[in-house]
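Colleague: for reference, the sequence and a predicted model appear below.
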Amino acid sequence: MGGEALAAAAFEAKASPILKNPEAEPFYIEAIRELSELGIPYLLAGTYAVSAYTGISRETKDLDVFCKAGDYPRILAHFKARGYAVEIEDERWLGKVFKGRHFFDVIFASSNGTMPVGDAWLEHSCEIELFGIPVRIIGPTELIWSKCFIQLRHRYDGADVAHLILRAHERIDWHRLLGYMELHWEVLLVHLLNFRWIYPAERDFVPVWLLDELLDRLEKQRQLPAPQMKVCRGRMYSRVDYEIDVKEWGYADVGGEGEWRND
């Protein structure tokens with residue numbers, strides 16, 4: 001078990017983001033107060049969490065509010081009843097709440113469906129103060145998990161993963177992170193190797209046992225024959241960038257059938 005849950009009360013944000021539109025601040029304050037009074041558990045993630053853990057202060061255009069899937073309709077309905085415009089952009093993971101041109105996202109899973117927000121996210125969150133209001137932010141373990149698959153042509157969150165390991169490695173529960181990425185352990189290995197290459201003097205920030213475990217899996221996997229089903233898991237990174245693989249080249253999507261290898 002990592003140390004972040006025990007240290008949550010003592011956590012102080014290293015930095016805060018810069019609002020791209022400062023005039024949106026009253027809306028964000030209003031939204032946070034509404035959410036707090038509603039009493040439904042929620043977390044802030046995105047740039048606010050990255051800034052808090054790393055000290056990197058960068059522009060942000062909105063709020064990312066994370067909640068469990070069963071609670072997202074309650075949150076949207078609450079704001080709709082109070083005159084806000086709401087939108088369900090994608091029922092698999094994302095809704096939005098608007099007031100004029102300002103908005104915040106209500107997120108309850110990843111866009112590829114692999115990361116539903118659950119009780120562990122709430123249990124291992126940390127408390128900070130935002131706009132003078134106490135709020136909970138996603139823990140660093142879950143924050144890394146939420147960013148590992150964001151690898152599109154126009155957006156890549158690998159730098160966030162590397163910075164979180166660098167600046168918050170003592171708060172990461174590595175056993176829990178491995179549990180989250182059990183099925184996709186190669187993605188975790190790639191991020192860890194990336195970190196080692198970027199920060200050679202800080203290689204020991206990644207536990208030895210974890211790297212040994214992942215490299216042993218890789219060694220054993222290399223001894224096995226190639227899979228018979230041609231699968232393109234790149235669609236878990238970007239449905240658009242890997243569309244041709246599924247539509248024209250005979251690869252199966254993350255789910256469904258594809259062509260069989262012809263050796």
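Modeller: Yep, that arrived.

Colleague: residue 22 and residue 32, how far apart?
Modeller: As judged by CB to CB, to the nearest Å, residue 22 and residue 32 stand 16 Å apart. All C-beta atoms are positioned from the backbone trio N, CA, C, and that covers glycine.

Colleague: which of these two has more neighbours?
Modeller: Legend: neighbour count by other CB atoms under 10 Å for residue 22 and residue 32, higher for residue 32 (21 against 8).

Colleague: would you agree that one is in contact with residue 132?
Modeller: No: if you go by CB atoms under 8 Å, residue 32 and residue 132 don't touch, sitting 9.8 Å apart.

Colleague: joint contacts of the two?
Modeller: Shared contacts of residue 32 and residue 132 (CB atoms under 8 Å, 6 or more residues apart in numbering): none.

Colleague: quick check: which ranges of this protein have low pLDDT?
Modeller: Scanning the chain for pLDDT under 70 picks out 1-10, 256-263.

Colleague: can you list the domains in it?
Modeller: 8-216, 227-263 (automatic domain parsing).

Colleague: need the winner for burial among those.
Modeller: domain 8-216 (a mean of 17; mean count of other CB atoms under 10 Å).

Colleague: tell me the secondary structure of the most centrally placed residue in the chain, please.
Modeller: Centroid-nearest residue in the chain: residue 146, 1.7 Å away (criterion: CA atoms, centre = their mean). With DSSP: H, G, I helix; E, B strand; the rest coil as the basis, residue 146 sits in helix.

Colleague: state the distance from it to residue 76.
Modeller: From residue 146 to residue 76 the distance is 20 Å (CB to CB).

Colleague: could you find the closest non-adjacent residue to residue 85?
Modeller: Using CB to CB, 6 or more residues apart in numbering and skipping the chain neighbours, the partner closest in space to residue 85 is residue 98 (4.1 Å).

Colleague: hang on, the one you found in a strand?
Modeller: Yes: the assignment for residue 98 by three-state DSSP puts it in a strand.

Colleague: show me the beta-bridge partners of it.
Modeller: Taking DSSP bridges, one obtains residue 85, residue 103 as the residues bridged to residue 98.

Colleague: for it, give its distance to residue 162.
Modeller: Counting by CB to CB, the gap from residue 98 to residue 162 is 33 Å.

Colleague: do residue 79 as well
Modeller: 35 Å.

Colleague: what does residue 101 give?
Modeller: Taking CB to CB, one finds residue 101 at 33 Å from residue 162.

Colleague: now swap in residue 244 and tell me
Modeller: As judged by CB to CB, residue 244 and residue 162 stand 29 Å apart.

Colleague: residues contacting the helix or strand where residue 134 lies, please?
Modeller: Assigned by DSSP states H and E, residue 134 belongs to strand 133-137. Taking contacts as CB under 8 Å, 6+ apart, the residues outside strand 133-137 that touch it are 29, 32-33, 36, 41-45, 48-49, 52, 122, 125-129.

Colleague: one more pass at 6 Å, please.
Modeller: 32, 43, 44, 49, 52, 125, 126, 127, 128 (CB atoms under 6 Å, 6 or more residues apart in numbering).
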